[in-house]
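J.: Only the shape, not the letters, is given here:
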């Protein structure tokens with residue numbers, strides 16, 4: 001009815017965007033926890049003498065704290081190349097979403113882990129070896145038939161030689 005056959009799929013935010021949201025949420029909660037009321041209670045004497053100055057100091061403190069935290073987080077992101085790493089991780093996840101086989105995860109029991117990895121490999125290898133064995137057996141059968149045909153031919157030639165030898169004598 002709408003003319004579009006593909007339904008609109010909402011784009012999931014990338015890891016870099018999620019990280020930025022987490023940092024912003026952290027800052028909001030940190031600043032909420034450090035309310036003006038708590039600040040004023042810590043500096044009650046100063047607050048009672050000069051509440052306007054206390055408010056101004058609090059505002060400066062909060063803005064500098066917020067700027068400092070954002071700057072530190074940006075330095076960590078830049079030094080660790082987090083943006084590129086998040087993007088590459090998003091790309092890897094996107095590439096694996098269409099995989100038919102699930103990714104291997106350890107069970108915690110080494111014997112089962114080894115078995116779960118090795119058994120499919122060994123079964124595949126056994127099929128390969130059986131195929132090669134069958135081919136070699138068929139090849140050997142052909143060679144054996146060829147050898148028998150050669151022996152028969154040699155026997156015929158020996159008889160022919162013997163007959164001619166006797167006819168000559």
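T.: Nice, thanks for sending it over. None of these values were measured; they are calculated from a predicted model. Numbering: from 1, shown residues only.
J.: Which element, helix or strand, includes residue 116?
T.: According to DSSP states H and E, residue 116 maps onto helix 110-168.
J.: Repeat that for residue 13.
T.: Going by DSSP H and E, residue 13 is not in any helix or strand.
J.: So residue 76 is in contact with residue 82, correct?
T.: Yes: under the criterion of Cβ atoms under 8 Å, residue 76 makes contact with residue 82 at 7.2 Å. Bear in mind the C-beta positions are built from the backbone N, C-alpha and C, glycine included.
J.: for the chain, what are the low-confidence residue spans?
T.: Residues of the chain that meet the criterion pLDDT under 70 lie in 1-11, 104.
J.: can you list the domain ranges for it.
T.: 15-96, 117-168 (the TED database).
J.: closest to residue 103 out of those domains?
T.: When those are compared for distance to residue 103 using Cβ to Cβ, the nearest one is domain 15-96, at 6.9 Å.
J.: gap between the two ends of that closest one?
T.: Chord length of domain 15-96, first to last residue, is 16 Å (Cα to Cα, to the nearest Å).
J.: Show me how far that domain is from its chain's centre.
T.: Offset of domain 15-96 from its chain centre (Cα atoms, centre = their mean, to the nearest Å): 32 Å.
J.: repeat for stretch 147-158
T.: The chain centroid and the centroid of stretch 147-158 are separated by 64 Å, computed with Cα atoms, centre = their mean.
J.: can you pull the buried residues of it?
T.: Buried residues in stretch 147-158, counted by 16 or more other Cβ atoms under 10 Å: none are found.
J.: what's the answer for stretch 17-37, then?
T.: 19-20, 23.
J.: center of the protein, which residue is that?
T.: residue 92 (6.1 Å; Cα atoms, centre = their mean).
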